[in-house]
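> this one's sequence-less:
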Ligand SMILES: NC(=O)C1=CN([C@@H]2O[C@H](COP(=O)(O)OP(=O)(O)OC[C@H]3O[C@@H](n4cnc5c(N)ncnc54)[C@H](OP(=O)(O)O)[C@@H]3O)[C@@H](O)[C@H]2O)[C@@H](O)CC1
Ligand SMILES: [K+]
């Protein structure tokens, strides 16, 4: 059985539907009836009093769902108008269409007809769902454009039409567009979310996302590829002041606790007057619970780092690292924030062969992009944390595919790009954004949504994130878990702080986030993520 947080591609979803039908678990007609009922139910929940509704039905099974919605709302006393295509749909949709035709008529699905009707009322978009393979054209394109412009109360069946559910891109539109695409108030999707609901334009266009159960749970899907998951697989409560302020990451081992048992993080800093970024990383690594944190600028910049925090150790590291790395207790390294590209490149040449757990951010990523030998030396204890610009420098071909206007579905997605990059470089790749994708070389991938904290896009936030992940690596979390938990704590810190956040606030919010996370110590998904030593 699939985990509830799994994200299925449209191909995987189709495989599950086919398996359900082949094994006699459900007929296509039953699934369509359940899907339509789920949508009608959500509409009636939001608008309990019957009113006017216009249902727009496309040529396939998405349209079939629409005819079910029309019938059920009509039965509930709604004043239903249906616009549909006149093609012969598949047998299930044809059956649902006939049932509707026993109740009411179907007007042509054209812009003129749509505009000719009474204004107002709810609109149901059942034009295209998972079967969208090419950009909408002609009358349908005009209708979608119109809906995007007038923005009526809109309920989308499976997705707003035109959205590629594998990528969150609008077929036929440049990436990042979407101003004139339909914006749903609510999208009712079936069985599991698809990548396009949670990445790209999906969160903007889908509105509230409701995942409806259509009875596919007992179906053995045997997905061909490992599904990505939505991270985290739980809702984090806000801080709970009534709980004792113990920190799960700092919980002491009953057996001879020692600062080294919580790891020793090394933060490599840059030259004079550019140490702020690395100090932010170091502070975050300390706050998240690394046993020891050493900040390592070149000797000439050491005087820049006197002062707080006293818990931070300082040590000069000039051009080479071998002597420093001889101390095997240094088990997690952060390189990049404020480091300088040349210095990062020189240090990486020593660092990567040592195969220590390492976060590569900022200048380290630029250094990598300039030296193929360094990229070839990456290993599976590395975490790369690029934003899209850095990603484009590191993986120009993947970024180019991601930026191209998609002309057919399934379109190349941010999930695909992060996975391809991780497989290519053999390290965990954390591709930042409001829809962060974290991918491991073995195909595991997690999608973390932070569309609700736009104030996290602030100078230095990435440095704090790099420090958090380094601290978690020092606590011996595996790279994918450290990257995932760091991403979650980072966003949650911003969420708790609220607007007005500056990056310096992020490390200071960590204790509060950790207290809230404590609730999940007994939950298996978090137990694997939080080190409980
Ligand atoms: N299967 C199940 O058990 C269940 C499925 N369910 C529902 O089915 C939906 C998937 O149904 P679907 O596969 O029929 O695809 P759908 O999105 O309706 O579109 C396909 C049609 O559109 C056409 N078409 C495509 N692009 C076009 C374009 N640009 N411009 C014009 N035409 C275009 C395409 O034509 P073709 O490409 O074949 O020429 C075809 O005729 C899914 O999202 C969910 O809502 C639920 O009921 C639960 C049970
Ligand atoms: K739709």
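That came in fine, so what should we check first? The structure presented is a predicted model; accordingly, all values stated were derived computationally and were not measured. Ligands and ions are numbered 1, 2, ... in the order given.
> distance of residue 497 from ligand 2?
With distances taken as Cβ to the ion, to the nearest Å, residue 497 is found 37 Å from ligand 2. Where C-beta positions appear, they are placed from N, C-alpha and C, glycine not excepted.
> now do residue 150
Counting by Cβ to the ion - residue 150 and ligand 2 are separated by 17 Å.
> can you get me a residue count around the residue in the stretch 201-350 of the chain positioned nearest to ligand 1?
Ligand 1 sits closest to residue 214 of the stretch 201-350 of the chain, with a gap of 5.9 Å, by Cβ to the nearest ligand atom. Per other Cβ atoms under 10 Å, the neighbour tally for residue 214 reads 20.
> so what's it scoring on pLDDT?
pLDDT for residue 214: 96.
> doesn't it fall inside a helix?
No. Read with DSSP: H, G, I helix; E, B strand; the rest coil, residue 214 is coil and lies in no helix.
> next up, the contacts around it.
For residue 214, the contacting residues are 31, 34, 35, 38, 190, 191, by Cβ atoms under 8 Å, 6 or more residues apart in numbering.
> whichever of those end up buried, select them in ChimeraX.
ChimeraX command restricting the contacts of residue 214 to the buried ones, with burial defined by 16 or more other Cβ atoms under 10 Å:
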select :31,34,35,38,190,191
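> among the contacts of residue 214, name the ones in strands.
Among the contacts of residue 214, the residues falling in strands (DSSP state E) are residue 190.
> JSON lines for the contacts of residue 214, including distance to ligand 1 and pLDDT?
Converted to JSON lines, those look like this (distance: Cβ to the nearest ligand atom, whole Å; pLDDT from 0 to 100):
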{"residue": "31", "distance to ligand 1": "4", "pLDDT": "97"}
{"residue": "34", "distance to ligand 1": "7", "pLDDT": "98"}
{"residue": "35", "distance to ligand 1": "4", "pLDDT": "98"}
{"residue": "38", "distance to ligand 1": "9", "pLDDT": "98"}
{"residue": "190", "distance to ligand 1": "5", "pLDDT": "97"}
{"residue": "191", "distance to ligand 1": "8", "pLDDT": "95"}
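> including distance to residue 113, could the contacts of residue 214 go into JSON lines?
Below are the contacts of residue 214 laid out as JSON lines (distance: Cβ to Cβ, whole Å):
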{"residue": "31", "distance to residue 113": "30"}
{"residue": "34", "distance to residue 113": "30"}
{"residue": "35", "distance to residue 113": "25"}
{"residue": "38", "distance to residue 113": "27"}
{"residue": "190", "distance to residue 113": "28"}
{"residue": "191", "distance to residue 113": "33"}
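> what does the pLDDT read for residue 361?
98.
> can you check residue 33 too?
The model's pLDDT for residue 33 equals 98.
> now do the phi/psi pair for the residue of the stretch 1-150 of the chain found nearest ligand 2.
Nearest residue of the stretch 1-150 of the chain to ligand 2: residue 125, at 4.6 Å (Cβ to the ion). Main-chain dihedrals, residue 125, degrees, to the nearest 10: phi -90, psi 100.
> spatially nearest residue to whichever residue of the stretch 401-533 of the chain sits closest to ligand 1 (excluding sequence neighbours)?
Taking Cβ to the nearest ligand atom, ligand 1 has its nearest neighbour within the stretch 401-533 of the chain at residue 409, 7.8 Å off. In this structure, residue 409 finds its nearest non-sequential neighbour in residue 164, 4.4 Å apart by Cβ to Cβ, 6 or more residues apart in numbering.
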